[in-house]
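Quick one, what's the 3D model for this:
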Amino acid sequence: MSQPTTVPVLSGFAFTESPRWRAGRLWFSDFYQNRVFSAAEDGSDVRVEAVVPQQPSGLGWLPDGRMLVVSMRDATILRREPDGELTVHADLGGRMLGYANDMVVDADGRAWVGCFGFDLMGGAPLAPAALYRVDPDGGVTEAATELWFPNGMVITPDGVLLVNETFGNRVTAFDIDGKGNLGNRRVWARFAEVPTERDFARVLPQLVVSPDGACLDAEGGLWIADATGARLLRVAEGGTITREIRPGSNVYACALGGARGRTLFACTAPDFFEEARRPAREASIVALPVTVPGPAAGTRTRS
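Numbering: from 1, shown residues only. Predicted coordinates for the structure are as follows:
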């Protein structure tokens, strides 16, 4: 299949992440500008939606429309009130190892939040991490353990949580019960074995696919940003790669949206290292046409 035309939509950012399509706009975080932005489909009308001094990451929305945002460095979930004020929704400090990271919020307002599990930017050895559930009242529960950098997540229409393990060469699935507990853990897609090395430089050659941000389409295909492979992959359950797109740069997250739901937005940057990205403005968001749209409105997933 030929490569689709990549259209630049937004540029001049430090490190774009966690894109979400909501209410006719593209929402995203910029790690190192400490801001959450939104923009029109064509990249116009850029708005600052929140200032997060401790570095924003995953985004989601409660049933009443209030936005949740992960504050990475202080391991909190912030909630944006109708007047725009940010307040602490949940405090995960003292529980997580490494920074808090991406998040998905379900239709009942429960959020699942991952973390690094180790000091990535400081050069610490790779270690497994936990996944946490944050209930609508702000209560925190450890939901799963032994995940290798739990990152981008989606919830399928039938209530299955898919978790990308960026340094585990796999996507792991859990069933969500009526109380928000996770069960029936299994590998949804395996690209290779979990790396045997723990020194980060030695881990990288063992990564076949590094699933970072992700989004689901209407046919159950999972679009994955391969953080070390500079490509977007559409993956079916079982691990079959049904499509590969190379946008011309390293890519770290993606979201389906646009007026017809058939635009794949992708966050690109030269690399993911904080020291290089923080002072630069080389990150972008590009758009690519796809055939299968995102899930129809009204499914369980809200972010």
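
what stretches of the stretch 51-200 of the chain score poorly on pLDDT?
Flagging of the stretch 51-200 of the chain using pLDDT under 70 yields an empty set of residue ranges.

and if we set it to 90?
97, 119-123 (pLDDT under 90).

And the strands in it?
All strands of the stretch 51-200 of the chain, identified by DSSP state E, counting those that start in this stretch, fall at 56-61, 67-71, 76-80, 86-91, 100-105, 111-115, 129-134, 140-147, 150-155, 160-165, 170-176, 182-190.

Mind putting these into CSV with mean neighbour count and distance to Arg22?
From N, CA and C alone the C-beta is placed, and that goes for glycine too. Compiled in CSV, the strands of the stretch 51-200 of the chain are given as follows (neighbours: other Cβ atoms under 10 Å; distance: least, Cβ to Cβ, whole Å):
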stretch, mean neighbour count, distance to Arg22
strand 56-61, 26, 7
strand 67-71, 26, 9
strand 76-80, 21, 13
strand 86-91, 17, 18
strand 100-105, 26, 11
strand 111-115, 28, 15
strand 129-134, 23, 19
strand 140-147, 17, 24
strand 150-155, 28, 15
strand 160-165, 25, 20
strand 170-176, 21, 21
strand 182-190, 15, 25
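
Take the ones you listed and write them to a markdown table, including distance to Arg47.
Output for those, formatted as a markdown table (distance: least, Cβ to Cβ, whole Å):
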| stretch | distance to Arg47 |
| --- | --- |
| strand 56-61 | 14 |
| strand 67-71 | 13 |
| strand 76-80 | 13 |
| strand 86-91 | 15 |
| strand 100-105 | 21 |
| strand 111-115 | 23 |
| strand 129-134 | 26 |
| strand 140-147 | 30 |
| strand 150-155 | 24 |
| strand 160-165 | 28 |
| strand 170-176 | 33 |
| strand 182-190 | 35 |
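
Tell me which of those sits nearest to Arg278.
Minimum separation from Arg278 across the strands of the stretch 51-200 of the chain (Cβ to Cβ) falls at strand 56-61, 14.0 Å.

how much distance is there from that closest one to the middle of the chain?
9 Å (Cα atoms, centre = their mean, to the nearest Å).

who's in contact with that strand?
Outside strand 56-61, the residues within contact range by Cβ atoms under 8 Å, 6 or more residues apart in numbering are 17-18, 20, 22, 27-31, 34-36, 50, 67-72, 99-105, 111, 113, 302-303.

partners of it in the sheet?
strand 67-71 (antiparallel) (DSSP bridges).

got the angle between the partner strand and strand 100-105?
Here strand 67-71 runs at an angle of 160 degrees relative to strand 100-105 (axes from the mean of the first three to the mean of the last three Cα atoms, to 10 degrees).

quick check, distance from strand 67-71 to the centre of its chain.
Distance, centroid of strand 67-71 to centroid of chain: 12 Å (Cα atoms, centre = their mean).

same deal with stretch 155-170?
Here stretch 155-170 is found 11 Å from its chain centre; the criterion is Cα atoms, centre = their mean.

mind checking how far Gly109 is from Arg186?
Distance check for Gly109 against Arg186: by Cβ to Cβ, to the nearest Å, it reads 26 Å.

try Phe28
Counting by Cβ to Cβ, the gap from Phe28 to Arg186 is 31 Å.

cool, and Ala236?
Distance, Ala236 to Arg186, using Cβ to Cβ: 15 Å.

Tally up the residues packed near Pro289, please.
Per other Cβ atoms under 10 Å, the neighbour tally for Pro289 reads 13.

do the one 5 residues further on as well
Gly294: 23 surrounding residues under other Cβ under 10 Å.

right, and it touches Asp217 too?
Yes. Using Cβ atoms under 8 Å, Gly294 makes contact with Asp217 at a distance of 5.9 Å.

any residues in contact with both of these two?
What both Gly294 and Asp217 touch, as defined by Cβ under 8 Å, 6+ apart, is the set Leu256.

Specify the beta-bridge partners of Ser71.
Pro56, Thr76.

List the contacts of it.
52-57, 77-78, 100 are the contacts of Ser71 under Cβ under 8 Å, 6+ apart.

got CSV for the residues you listed, with distance to Tyr252 too?
Shown next, in CSV, are these (distance: Cβ to Cβ, whole Å):
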residue, distance to Tyr252
Val52, 18
Pro53, 22
Gln54, 20
Gln55, 15
Pro56, 14
Ser57, 11
Ile77, 21
Leu78, 22
Ala100, 17
